[in-house]
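Trainee: structure for this input, please:
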Amino acid sequence: MIDLVATFIIFFSVVDPIGTVPVFIAVTSRFDNSARKKVALMAILVAAGVLLFFVVAGELILTAMSIPLPAFQISGGIVLFLFALSMIFGESKPDEEVKLLKNHQDAAIYPLAVPSIAGPGAMLASVLLTKNDQFSIWEQAQTVAVLFAVLAVTYGLMLLAGQVNRLIGASGASVVSRVMGLILASVATSNTLAGVKTYFGL
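Mentor: Numbers count the residues shown, from 1 in each chain. Next up, the predicted model:
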């Protein structure tokens, strides 16, 4: 049995549902309510497909390339840490991703599904939290269920984007994104140390 709360917090940090709201608002600013719902659904389905691919095939790809999982865990932890630092000290996630908008044709996929929802942090977390040598099939299924729960929260917040934006504003979303970055930094450090311990047999 996995720690459902800890897993939820990790996925919530890397997916950052609240930080996705300003991106969604910018993407759908010219759409009516019906179109907004379609964009939100498509973005969630694409993001779920991308992350599920990393859950299923991520470790297999590493094995085929003869990359030991502890090495990926160390590098993944470092990347996650750098990603967290960018969330804390750099431009916040909403500010950075809104700048990626050029047109609204494929906005549900880019930048909404990728990289706003299924970003590099979420991809790495999907692999690290479903390691075959550490988690059973049942535990991996629980992790996927938690991931889908976070995506469901993200979908709900996108449907309520107007109300959420009025409640917390762009500044509020920026603050939440930085807090999530701090949590992610601690998770990344833990992953790196665990990888070092496994790799060197400490």
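Trainee: give the helix, strand or coil label for Gln134.
Mentor: Three-state call for Gln134 (DSSP: H, G, I helix; E, B strand; the rest coil): coil.
Trainee: residues near Ser190, how many?
Mentor: A count of nearby residues for Ser190, using other CB atoms under 10 Å, gives 13. (C-beta placed from N, C-alpha, C; glycine too.)
Trainee: which parts of the helix or strand it falls within are buried?
Mentor: If you go by DSSP states H and E, Ser190 is part of helix 161-199. Going by neighbour count (16 or more other CB atoms under 10 Å), the buried part of helix 161-199 is 161, 164-165, 168, 173-174, 176-178, 180-181, 183-185, 187-188, 191-192, 194-195, 198.
Trainee: just the CA trace of stretch 1-18, in PDB.
Mentor: Below are the C-alpha coordinates for stretch 1-18, written out as PDB (Å, rounded to 0.1, in the frame of the first residue of the first chain):
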ATOM      1  CA  MET A   1       0.000   0.000   0.000                       C
ATOM      2  CA  ILE A   2       1.500   3.300  -1.100                       C
ATOM      3  CA  ASP A   3       1.300   6.500   0.900                       C
ATOM      4  CA  LEU A   4      -1.700   8.000  -0.900                       C
ATOM      5  CA  VAL A   5      -1.300  11.500   0.700                       C
ATOM      6  CA  ALA A   6       2.400  11.800   0.000                       C
ATOM      7  CA  THR A   7       1.900  10.600  -3.600                       C
ATOM      8  CA  PHE A   8      -1.000  13.000  -4.100                       C
ATOM      9  CA  ILE A   9       1.100  15.900  -2.800                       C
ATOM     10  CA  ILE A  10       4.000  15.000  -5.100                       C
ATOM     11  CA  PHE A  11       1.800  14.900  -8.200                       C
ATOM     12  CA  PHE A  12      -0.100  18.000  -7.100                       C
ATOM     13  CA  SER A  13       3.300  19.800  -6.900                       C
ATOM     14  CA  VAL A  14       4.600  18.700 -10.300                       C
ATOM     15  CA  VAL A  15       1.300  19.100 -12.100                       C
ATOM     16  CA  ASP A  16       0.400  22.300 -10.300                       C
ATOM     17  CA  PRO A  17      -3.400  22.400 -11.100                       C
ATOM     18  CA  ILE A  18      -3.800  26.000  -9.700                       C
END
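Trainee: quick check, pLDDT for the residue nearest to Gly195 when sequence neighbours are not counted.
Mentor: Leaving aside its chain neighbours, Gly195 sits nearest to Gln73 (3.3 Å; criterion: CB to CB, 6 or more residues apart in numbering). Per-residue pLDDT puts Gln73 at 79.
Trainee: what of the one 10 residues further on?
Mentor: At Phe83, the model reports a pLDDT of 74.
Trainee: so what secondary structure elements neighbour the helix or strand harbouring it?
Mentor: With elements taken from DSSP H and E, the one containing Phe83 is helix 69-89. Other elements packing on helix 69-89 under the criterion 3 or more CB pairs under 8 Å, 6 or more residues apart in numbering; DSSP states H and E are helix 33-64, helix 120-128, helix 161-199.
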